[in-house]
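1. return a 3D structure for these sequence lines:
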Amino acid sequence: MGTKENRGRNRVAALEGRAGLVAAGVLGVVAAALAVAQWMLLPDQVVTHFGVTGEANGWSPKWLSILIPTGLGLFGSIWLGVSRDRRALLVAAIGVLIGIVNIATNGFTV
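-> This next block holds a predicted model:
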């Protein structure tokens, strides 16, 4: 193996094995806790689209605003996990973080 390949492996080594499992578990628990907390704060209808003037012109039920990011994150995590790529856990963690930010911002802007 070349030096460049070793450097790439060392960067993601922190997310492998037990440390990776702990990181994924913590992110999963945080995402679930935020989803439950924000569920109670969201109104029944959530604005999902704005026109060019900034006026709301599209609404969806609140469950959809939680389900879509969660579903996309799970799909991406499973897809990348099956590929057995060493970067899969890192990308999955980024996806979960994006979901957490989405859940938090949807609830706090109500």
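2. just checking, next helix/strand downstream of the helix or strand of the chain with the lowest mean pLDDT?
-> Within the chain, no helix or strand scores below helix 3-12, which has a mean of 52 by mean pLDDT, DSSP states H and E. Per DSSP states H and E, the first helix or strand lying C-terminal to helix 3-12 is helix 17-41.
3. may I see the buried residues of whichever helix or strand comes after that following helix?
-> Going down the chain from helix 17-41, the next helix or strand is strand 45-50, by DSSP H and E. Within strand 45-50, the residues scored as buried using 16 or more other CB atoms under 10 Å are 46-47. Bear in mind the C-beta positions are built from the backbone N, C-alpha and C, glycine included.
4. kindly export strand 45-50 (C-alpha atoms) in CSV.
-> Extracted in CSV, the C-alpha atoms of strand 45-50 (Å, rounded to 0.1, in the frame of the first residue of the first chain):
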residue,chain,number,x,y,z
GLN,A,45,-49.7,21.3,8.8
VAL,A,46,-46.1,22.3,8.0
VAL,A,47,-45.1,24.7,5.3
THR,A,48,-43.0,22.8,2.7
HIS,A,49,-42.8,25.3,-0.2
PHE,A,50,-42.4,29.0,-0.6
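5. what pairs with that strand, parallel or antiparallel?
-> Sheet pairing for strand 45-50, assigned by DSSP bridges, gives strand 56-61 (antiparallel).
6. show residues contacting the partner strand.
-> If you take CB atoms under 8 Å, 6 or more residues apart in numbering as the criterion, strand 56-61 is touched by 44-51.
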